[in-house]
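[1] I'll drop the sequence and a predicted model, then ask my questions.
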Amino acid sequence: MKELVSIEWLSENLGKKELILLDASLDMTAHGKYSEYNDLTIPNAKYFDLKRNFSDRRSDLPNTLPPKEQFEFECQKLGINRTSEIVVFDNLGIYSSPRVWWMFKIMGQKNVSVLDGGLPEWMKKGLKTEKRKKQTYELGNFEASVAENFIVKYCDIQKNIENRTFTLIDARSEGRFNGTEEEPRKQLKSGHIKGSVNIPFEEVLNNGKYKSKAELKRLFNDKCNIENNLVFSCGSGLTACILLLASEIAFKKSKYVYDGSWTEWAEKNNLKNVVQQKL
């Protein structure tokens, strides 16, 4: 399956036996943004609860990749099989769905795509929606096989500051990257990891859809050395995957994510606001 599928493709293939449609919408973003379509979904979509079921319950960090066993069992509960063809979407166009795409890739699932434009684009086309509701499904037989080498850790980032074996790309806003805008996690200072490059995730999108392959190639070429491996970061590892998928569309280049991202880096380096230090 391609990295992206169109609204037209999905509407034509919605009844396909092996197709699993996953709604990865979040109630709210880290900045408090929410969709006007919060209670709506595409017919037959299964809700992929990224925050509650598909983040590591043992971690103090937000949105951390869950253990293999947790991911596997939660997928089975959604009726996902080894042979399933998965399409992921969210209600902001492109926001949380690339994170889910990356997670499935890391867990060994080859047949997974993101719906370009997501629910907003589906509704623009006047296609049918329904109220999102809780459901139970017959257990699937999905099995995970973790590609650990694509998960970059704190120690890898530390080493790279000295060795520069990869290019670290930060998907946060320019203000957060430069330290002139507050972090949504108020206890943390903004700023960036030494040697990293800033490409705000909005720059790879146009009205909630990905820009063309040619536009994405130009953007990456202008901003960074694409001869290196590219590792993606953000505040918590979520919007980093928007850039990662853009790099896959442009170059078939990289699936590397620093999962702890700025939250872990700032906490471990004691980059905290003075107000919090006095408490």
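    Sure thing, it's come through.

[2] now do the buried residues in the helix or strand hosting Trp122.
    Secondary-structure element containing Trp122, defined by DSSP states H and E: helix 118-124. Applying a neighbour-count criterion of 16 or more other Cβ atoms under 10 Å, the buried positions in helix 118-124 are 118-123. In this view, the C-beta of every residue, glycine as well, is placed from N, C-alpha and C.

[3] same check, this time on stretch 255-266
    Of all the residues in stretch 255-266, those buried under the rule 16+ other Cβ under 10 Å are 255-266.

[4] which ones are touching Asn229?
    165-167, 254, 256 (Cβ atoms under 8 Å, 6 or more residues apart in numbering).

[5] oops, could you answer that again for Leu119 instead?
    Listed by Cβ under 8 Å, 6+ apart, the contact set of Leu119 reads 23, 25, 35, 37, 40-42, 89-91, 93, 129.

[6] can you pick the most crowded of those?
    Scoring the contacts of Leu119 on neighbours with other Cβ atoms under 10 Å, the highest-scoring entry is Phe89 at 33 neighbours.

[7] show the pLDDT at the residue lying closest to it once chain neighbours are set aside.
    In this structure, Phe89 finds its nearest non-sequential neighbour in Leu115, 3.8 Å apart by Cβ to Cβ, 6 or more residues apart in numbering. Taken from the predicted model, the pLDDT recorded for Leu115 is 98.

[8] for the stretch 151-279 of the chain, which segments count as helices?
    In the stretch 151-279 of the chain, the segments counted as helices under DSSP state H, counting those that start in this stretch are 154-163, 174-178, 213-223, 240-251, 261-268, 274-277.

[9] could you do the stretch 1-150 of the chain as well?
    Counting by DSSP H, counting those that start in this stretch, the helices of the stretch 1-150 of the chain are 7-13, 68-77, 97-106, 118-124.

[10] what's the most buried one of those helices?
    When you average the neighbours per residue for each of the helices of the stretch 1-150 of the chain (mean count of other Cβ atoms under 10 Å), helix 97-106 leads with a mean of 25.

[11] perfect, I'm done here.
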